[in-house]
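Undergrad: give me coordinates for this.
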Amino acid sequence: MPVFFAELLGDLEAETTVLDVILADLPRPSWERPTPAEGWAIRDQVSHLAYFDEAATEAAQDPQAFREHAAELTALGPTFPDTVAQRYRNLSPDRLLDWFRTARRRLIDTFATLEPRTRAPWYGPDMSVASSVTARLMETWAHGQDIVDAAGVFREPTARLRHIAHLAMSTFAFSHQLHNLPVPDTAVYVELDAPDGDTWIWGEPSALDRVAGPALDFCLAVTQRRHTADTALRIEGPVATKWMSIAQTFAGAPGTGRQPGQFAQVSTGKETRR
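TA: Modelled structure (predicted):
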């Protein structure tokens with residue numbers, strides 16, 4: 001297995017452990033708490049992760065079966081994730097947690113045997129196995145954010161956010177296409193303050209369209225867990241401004257995001273506490 005892919009799988013496992021600990025410590029009645037995703041409780045965030053972990057594993061192992069199942073699901077319309085959530089609301093928190101653990105373990109073990117450049121289908125464009133792992137890490141972190149927001153707990157930001165930031169750069173064109181917008185020829189320069197004090201950079205410093213600020217805030221914005229108005233991001237130029245208003249790292253229909261002022265924000269530079 002290539003070293004970078006082994007490290008990526010290790011980061012997915014580490015992100016999984018963080019969420020697992022939060023869920024294991026959460027009082028079972030709290031699983032019914034509403035999250036910032038309208039109509040979804042904490043329990044729905046967990047069933048979502050488990051269901052689509054199983055889908056990602058199937059996509060890698062049996063692409064044709066996945067395509068058939070995906071077609072049945074997407075035929076329900078753009079709100080098909082809500083349908084998935086409704087299907088599993090009869091499961092107890094303990095069963096949901098066990099399902100998530102089992103599905104995630106199988107996904108990691110399966111993907112560890114695959115060539116990272118192999119293509120696999122998904123609900124959006126096909127992607128490489130490595131990109132699929134990155135997407136699962138992003139989903140774990142993003143839905144984990146909904147969970148910690150609902151539970152009122154603090155989750156330490158880590159260097160694993162780099163995977164999500166890189167995914168945001170990779171989905172620049174996808175985010176515009178989702179909204180039937182032409183993909184700009186103008187490149188955006190992104191400079192982020194990492195949680196460990198490092199600086200992450202994409203693009204050319206001479207670019208007029210720019211995004212800068214805490215990596216945490218950038219990842220919250222591109223996963224649509226915060227409106228940019230509730231972040232410490234500095235956004236310059238029309239292309240960067242438009243992109244950050246529609247940026248979306250996840251497949252499916254355009255997300256509704258969050259409303260400005262929905263979350264208080266106090267930036268400390270290396271991290272953002274809310």
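Undergrad: how close does the nearest residue to Thr74 once chain neighbours are set aside sit to Arg87?
TA: Of all residues not flanking Thr74 in the chain, Phe80 sits nearest, at 5.9 Å (Cβ to Cβ, 6 or more residues apart in numbering). Every residue, glycine included, has its C-beta placed from N, CA and C. Computed with Cβ to Cβ, to the nearest Å, the distance linking Phe80 and Arg87 is 11 Å.
Undergrad: between those two, point out the one with more neighbours.
TA: For Phe80 versus Arg87, neighbours defined as other Cβ atoms under 10 Å are more numerous around Phe80 (17 against 11).
Undergrad: residues touching the more buried one, list them.
TA: 73-74, 252 (Cβ atoms under 8 Å, 6 or more residues apart in numbering).
Undergrad: quick one: contacts of the one helix or strand Phe218 maps to?
TA: Per DSSP states H and E: Phe218 is located in helix 215-222. Contacting residues not belonging to helix 215-222 are listed as 141, 145, 157, 161-162, 164-165, 167-168, 171, 190, 192-195, 200, 211, 226-228, 231-233, 244, 247-249, 265, 267, 271-272 [Cβ under 8 Å, 6+ apart].
Undergrad: alpha carbons of that helix, in PDB - could you do that?
TA: In PDB, the C-alpha atoms belonging to helix 215-222 read as follows (Å, rounded to 0.1, in the frame of the first residue of the first chain):
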ATOM      1  CA  ALA A 215      -8.300  26.500   8.500                       C
ATOM      2  CA  LEU A 216     -11.100  25.500  10.800                       C
ATOM      3  CA  ASP A 217     -13.300  28.300   9.600                       C
ATOM      4  CA  PHE A 218     -12.600  27.500   6.000                       C
ATOM      5  CA  CYS A 219     -13.500  23.800   6.500                       C
ATOM      6  CA  LEU A 220     -16.700  24.800   8.400                       C
ATOM      7  CA  ALA A 221     -17.700  27.000   5.400                       C
ATOM      8  CA  VAL A 222     -17.000  24.600   2.600                       C
END
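Undergrad: please state the offset of that helix from the chain centre?
TA: 10 Å (Cα atoms, centre = their mean, to the nearest Å).
Undergrad: helix or strand right after that helix?
TA: Moving toward the C-terminus from helix 215-222, the next helix or strand (DSSP H and E) is strand 234-236.
Undergrad: what are the buried residues along that next one?
TA: Across strand 234-236, burial judged by 16 or more other Cβ atoms under 10 Å covers Ile235.
Undergrad: adjacent strands (with direction) for that strand?
TA: Applying DSSP bridges, strand 234-236 is found paired with strand 210-214 (antiparallel).
Undergrad: convert the C-alpha atoms of the partner strand to PDB, please.
TA: What follows is strand 210-214, C-alpha atoms only, in PDB (Å, rounded to 0.1, in the frame of the first residue of the first chain):
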ATOM      1  CA  ARG A 210      -8.200  35.300  -2.300                       C
ATOM      2  CA  VAL A 211      -9.400  33.500   0.800                       C
ATOM      3  CA  ALA A 212      -7.500  33.600   4.100                       C
ATOM      4  CA  GLY A 213      -8.000  32.800   7.700                       C
ATOM      5  CA  PRO A 214      -8.300  29.900  10.100                       C
END
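Undergrad: mean confidence for it?
TA: Strand 210-214 carries an average pLDDT of 98.
Undergrad: how many degrees apart are that strand and helix 215-222 in direction?
TA: 120 degrees (axes from the mean of the first three to the mean of the last three Cα atoms, to 10 degrees).
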